[in-house]
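Asks: give me the fold of what follows.
(chains A and B)
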Protein chains: 2
Amino acid sequence: MICVSVIYPQAPGKRFDQVYYEQKHRPLVMKLLATHGITKYEILQGLGGLGPGSEPMFAAVGNLYFNSVGDFQGAMAAHGAELQADIPNFTDIRPQFQISEAV
Amino acid sequence: MICVSVIYPQAPGKRFDQVYYEQKHRPLVMKLLATHGITKYEILQGLGGLGPGSEPMFAAVGNLYFNSVGDFQGAMAAHGAELQADIPNFTDIRPQFQISEAV
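Replies: Okay, the predicted model is just below:
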């Protein structure tokens, strides 16, 4: 199984609307990609680092699981533009991406 | 549920032994923390970024799930030193940590 991590680095002055992200963006992703092989979408909402009161490195990470990189690429070819267009509705952070094998 | 991400940033010249990490380190963590509230340990093994042939930001991310931050803190108080001592057996990357709410 592969995992596509959509990583939103924390930075001063940046906004991130967790409610919209969880209640609007994730359902949109699941609806559009349901027929394109997405198996799970986990949100990691940043709380902090190890030290008491420390800031998290990432405001949020969305982990999208697919059976294969090909499934993910097909999903993006079909709906990537529409999903990207929704990002400004919840954040002005520019996301970073990593593809991983989930084991 | 909370997720403690142990993040190993990719860097030139660094080593990361995925086999040891999966077959020795994870079982050690699960054995020692089983009675300290760990519920799951997922490994994300970095494959790449979005661009073809691009390097992953992270060689690996270990996502350790607990019911609460208190459970994690108790687990670290009991076994943190022993687990940290195992890290040089698979990598010379200094890990970064983030605590998140998994939703």
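
Asks: and stretch A:42-53 with chain B, contact?
Replies: Yes - on the criterion CB under 8 Å from any CB of the partner chain, stretch A:42-53 is in touch with chain B at A:E42, A:I43, A:L44, A:Q45, A:G46, A:L47, A:G48, A:G49, A:L50. (Each C-beta comes from the backbone N, C-alpha and C, glycine too.)

Asks: and the gap between the last one and B:P56?
Replies: If I follow you right, that is A:L50. 23 Å (CB to CB, to the nearest Å).

Asks: then the first one?
Replies: Noted for A:E42: a distance of 19 Å to B:P56, by CB to CB.

Asks: which element follows the longest strand seen in chain A toward the C-terminus?
Replies: Longest strand in chain A, counting residues (DSSP state E): strand A:38-48. Using DSSP states H and E, the next helix or strand after strand A:38-48 towards the C-terminus is strand A:58-66.

Asks: hmm, who's touching the very next helix or strand once past that following strand?
Replies: For strand A:58-66, the succeeding helix or strand toward the C-terminus, using DSSP H and E, is helix A:69-86. For helix A:69-86, contacts defined as CB atoms under 8 Å, 6 or more residues apart in numbering or on different chains pick out A:2, A:4, A:24-25, A:28-29, A:32-33, A:36-38, A:64, A:66, A:99, B:47.

Asks: which parts of helix A:69-86 are buried?
Replies: A:D71, A:F72, A:A75, A:M76, A:H79, A:L83 (16 or more other CB atoms under 10 Å in any protein chain shown).
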